[in-house]
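*Asks:* coordinates only, no sequence provided:
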């Protein structure tokens, strides 16, 4: 390479766009593609070394680059079905012409080989069969002959030295071996193990070309797995049919007689026990007698026929089909278990054989053969000396799991360029913007790919106390130093890769938590007006326009280094603005009313109630625990614990996360700007998938890594499931409770699950806000680093580097992101005010340009006009009228009992312990008011789009001492916990998640004997719950809340407050509504 002090200006072959660039500098050529790239043949380049990065790289012909170096990083390598050679062997030494007078001339030395560095994240086994990597030394030149007598032939040239090959590849055999080990050591049911057997072991082994394992052993194992899968499928289908038969659902096509129910229950117990058995562990004490896959299938068909409307299948036919076998069935998975270890040994042997073959067959780094000496005037007379053979080169092989991570610092290959991975990250972000599960699934795959590929980053660089990244001495660090300090093809590698790795991890975590790119759930909505966001949106769009202009000037100037540097002269101010935006995001996230504090508040409020409810429900279940176990073959208490970990996922979740193979990473070291640490006990350390059955939920719960946490602790595992799956799991559990024992218990379960949903939603929001906070801190720190470079003396030389272009685009995209965030917030606010559908993102991205942003704003503004019309100008009813009471909800016996109890709590200001009486109530549309005189009366009957002006909480029978003004004052803290439902004129239910609202209510308690005494003149405070006037709201107005939400009511135990004798408690509402259409 040329003298590093004489740096060359980067020369572009292809000016960077969003997915590709090609440039050279200092004898080094770099080609980067975020998608597919086909290498031209014949391939050549100017310089000493070429670096090619592409997600899919196709090499259609042989590559011959004598003495040069080639670095390749790709996810997938395509070379076709014929042999493909990458050859950087040295050139042979030139032979010498014969002499007629003097000694023969010495042969020239063979050329030294170059180097090949190849990284393939997911290598097809065929590649190992057809690829050849050659870095052999060049053969020494032959010594020249002489025809002169008494003269000697020339000496042979020395052979060139062998080169260097580093081959890192993700291969299937390691994944298969890991899957076999996982199945062999699994503690869950065989039903889950069979799925892994088929998907991760049998199918890959059966389809591998060339075969990884062959012979009778694989055939027998495959047959056993197929038999087990057939048995599993038959048992699952039969289980569903039996569930339908035993279900207490009304309007069933046929009533089940008691005698039949006994037979079905007994038979079903064996089916459920069969499904719950561990792989390889047969039950000797209680053998399975429900039959083979064929008999199970026959039983299912008979059950379905008997239960069908108008069935002619007799009770006797059904009873005969459900007769238990006299001999226990032979379970195929028991034999499977015995075959796992031998199969594992075969796969490991195949893996080692492949590695040896790659070392000895694929790779060649021989030293060059020395040239022979020339002859004297006669053959064999006065022969010149043979040259010296070249030294053998070095080969490094680093296998790792297919599509997985290479976590070693010994590798002599800097295979991850920041430019390449920033482009992939941009692609993933664009896909994440789409609202469908398929696009977000593709985004997830790209995030996983980045995270897996960059797993070495936290191993290679660690953050010192001053915030500087310090590298760990290693082969890998030396390679990156060469790129940055010697070849100078990129800048700030450590900071760039750390930021990209962190951002990809955060984005992946957000998808695994079911959040959108902004960290919101589908139903999140602020209560502010559209006008509140409007001025900020206009300012942001102006900034986007300015940045787009600067970017265009820069791109036009890239071919002229001086012009490119000139076009960047004003860019520092744009990066300062970007840093300001990052600081603004940090401030919003950490604000006392921001997402972190809001979610933390909800967690601390919900958790005590959830813990009490879990204990109460488990105690109540004791009377039916045996019934549930007989019916479902699961422990009822354990399922209640598992329910406590459920977190609701959006509708797109399954499509986006299916097959995810990267675990959630918790952020526990983040501090806010004042140096205060986060609530580590609120941080989720693990995520799981509930699956579709109580067995899969049970397995996900039992396989959690941290058993020291209680299931209802905020930081315990959160098991994800869509709303319909959660409802289905709950229904299956409730159906197992005998009707005569369970009506009240089922209501308790519903209340419990509502608490679980609300508390765990807050936990997910808190952790999502942490991801956003981490990203904002990363953006700010990186922006500071980039401004140093853009303002530095070297900018003139470095202005044409692709990384500068990507910085500009990243800054531009961050601005667009902030703008879209504000428009999205404004649109969600419009939705809350007017109950109108709002304009969404269109397409799969990328981030909108200024024109598209302006159009989107106009679309949202039109909806705002409609929303104001519906909210403020349409006819509505205000209630109650003067001197009357508004709609009232009377607390149930259980809620009243909870209110009587008190708990200790520390005062946040004084730190002193105070005693609090409290109750949490969830009000739902169409629920009963629990009236004494009208038991069937519905709360808010015939009212829709309800918006509240006052919420009052009255307690009858409460005793409290007088204050200095001789008042028996009762102070109630009321909190609407943030999740609510509003019904519109067409009876459509709109669900919203927003910031909790805290209210105060005070009243005079003296002489309150019943509800009629709870009159308006006793209220000593008036609340302001939102805008309820007829005209247009001003920009700082907030929409009023509705009643259908979870409410918390608390009364501090002061002045001798006594709840023991309370008779009733009521929640009264005042507000406005509209009639149904």
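*Replies:* All right, it came through fine. Note that the structure is predicted; figures quoted are calculated from it, not measured.
*Asks:* mind listing the strands for the stretch 851-1000 of the chain?
*Replies:* When secondary structure is read from DSSP state E, counting those that start in this stretch, the stretch 851-1000 of the chain shows strands at 877-879, 888-890, 902-906, 913-922, 944-956, 969-983, 989-993, 997-1004.
*Asks:* tell me the gap between stretch 313-320 and the middle of its chain.
*Replies:* Between the centre of stretch 313-320 and the centre of its host chain there is 50 Å, according to CA atoms, centre = their mean, to the nearest Å.
*Asks:* okay, the strands of the stretch 851-1000 of the chain in TSV with distance to residue 756 next?
*Replies:* For every residue, glycine as well, the C-beta is placed using N, CA and C. Written out in TSV, the entries for those read as follows (distance: least, CB to CB, whole Å):
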stretch	distance to residue 756
strand 877-879	34
strand 888-890	22
strand 902-906	20
strand 913-922	12
strand 944-956	25
strand 969-983	12
strand 989-993	15
strand 997-1004	22
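*Asks:* tell me what angle the longest helix that the chain contains forms with strand 913-922.
*Replies:* The residue-count maximum for a helix in the chain (DSSP state H) belongs to helix 739-790. On the basis of axes from the mean of the first three to the mean of the last three CA atoms, to 10 degrees, helix 739-790 is oriented at 110 degrees to strand 913-922.
*Asks:* helix 739-790 to strand 989-993, inter-axis angle?
*Replies:* Between helix 739-790 and strand 989-993, the angle formed by their directions is 50 degrees, by the same axes, to 10 degrees.
*Asks:* helix 739-790: how far from the chain's middle?
*Replies:* With CA atoms, centre = their mean as the basis, helix 739-790 stands 13 Å off its chain's centre.
*Asks:* state the mean pLDDT of that helix.
*Replies:* Averaged over helix 739-790, pLDDT sits at 87.
*Asks:* please begin residue numbering at 38 from this point
*Replies:* Sounds good: first residue 38 from here, last item helix 776-827.
*Asks:* what ranges does the stretch 638-787 of the chain have for its helices?
*Replies:* Here the stretch 638-787 of the chain has its helices, by DSSP state H, counting those that start in this stretch, at 662-669, 673-680, 690-694, 731-739, 760-772, 776-827.
*Asks:* indicate which one of those helices is closest to residue 523.
*Replies:* Ranking those by distance to residue 523, with CB to CB as the measure, places helix 776-827 first at 17.8 Å.
*Asks:* for the stretch 488-637 of the chain, which spans come out with low pLDDT?
*Replies:* Within the stretch 488-637 of the chain, the set of residues satisfying pLDDT under 70 comprises 596-603, 606-607.
*Asks:* which residues in it form strands?
*Replies:* Along the stretch 488-637 of the chain, the stretches classed as strands by DSSP E, counting those that start in this stretch are 498-500, 506-508.
*Asks:* same check on the stretch 88-237 of the chain?
*Replies:* Across the stretch 88-237 of the chain, reading from the start of the chain, the strands by DSSP E, counting those that start in this stretch fall at 100-101, 106-115, 121-124, 152-157, 168-171, 201-208.
*Asks:* list the contacts of the second one.
*Replies:* Read that as strand 106-115. Residues external to strand 106-115 that are found in contact with it (CB atoms under 8 Å, 6 or more residues apart in numbering): 85-96, 100, 123, 125, 151-161, 164, 168, 440, 450-454, 457, 486.
*Asks:* just the buried residues of these.
*Replies:* Using 16 or more other CB atoms under 10 Å as the burial test, the contacts of strand 106-115 include 85-92, 94, 96, 100, 123, 125, 151-161, 164, 168, 440, 450-454, 457, 486 as buried.
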